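Asker: Fold the following and give me the result.
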Amino acid sequence: MVLYTIFNVLITFCSVYSWAILIYILLSWVPNAQGSKFGQLLGRICEPFLEPFRKIIPPIGGVLDISAILALIVLNQLLPRGLQSIYQFLVTM
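Answerer: Coordinates of the predicted model:
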């Protein structure tokens, strides 16, 4: 039961963090929005996760940053599947 709860908390965290990243990305389309206190808070939360993806996929033309798409795919698809595999392995032990 404890393992199931931990698993659900981690999956919920992935979902909430995905929304935070999506909002942070949308703020980049609004002038000076990322410079606001809310934008800066989201930047401190989201940038550590986004930075490695930017190293893999640099902005196209120096402007269009598609690395966030890869980050969201990892956060919404790959990480939950990995967590589910770990959970299944631990449950069957």
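
Asker: For the rest of this, base every contact and every neighbour count on C-alpha atoms.
Answerer: Fine.

Asker: ok, and the closest non-adjacent residue to Arg65?
Answerer: Careful, residue 65 is Asp; it's not Arg. Nearest residue to Asp65 in three dimensions, chain neighbours excluded: Pro59, at 4.3 Å (C-alpha to C-alpha, 6 or more residues apart in numbering).

Asker: Report all helices and strands that the top helix by length along the chain contacts.
Answerer: Longest helix of the chain, by residue count under DSSP state H: helix 2-27. Packing contacts for helix 2-27, counted by 3 or more C-alpha pairs under 8 Å, 6 or more residues apart in numbering; DSSP states H and E, involve helix 37-56, helix 67-73, helix 79-92.

Asker: buried sites along it?
Answerer: Phe7, Ile11, Cys14, Ser15, Tyr17, Ser18, Ala20, Ile21, Tyr24, Ile25, Leu27 (16 or more other C-alpha atoms under 10 Å).

Asker: ok, now stretch 41-53?
Answerer: Leu42, Gly43, Cys46, Leu50, Phe53.

Asker: Please provide the alpha-carbon coordinates for that stretch, formatted as PDB.
Answerer: Taking Å, rounded to 0.1, in the frame of the first residue of the first chain, the C-alpha atoms of stretch 41-53 are listed here in PDB:
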ATOM      1  CA  LEU A  41       9.500  31.400  -9.800                       C
ATOM      2  CA  LEU A  42       8.600  29.100 -12.600                       C
ATOM      3  CA  GLY A  43      12.000  29.700 -14.100                       C
ATOM      4  CA  ARG A  44      13.700  28.500 -11.000                       C
ATOM      5  CA  ILE A  45      11.500  25.400 -10.900                       C
ATOM      6  CA  CYS A  46      11.600  24.500 -14.600                       C
ATOM      7  CA  GLU A  47      15.000  25.600 -15.900                       C
ATOM      8  CA  PRO A  48      17.000  22.900 -14.200                       C
ATOM      9  CA  PHE A  49      14.900  20.200 -16.000                       C
ATOM     10  CA  LEU A  50      14.900  22.100 -19.400                       C
ATOM     11  CA  GLU A  51      18.600  22.900 -19.500                       C
ATOM     12  CA  PRO A  52      19.900  19.400 -20.400                       C
ATOM     13  CA  PHE A  53      17.400  19.200 -23.200                       C
END
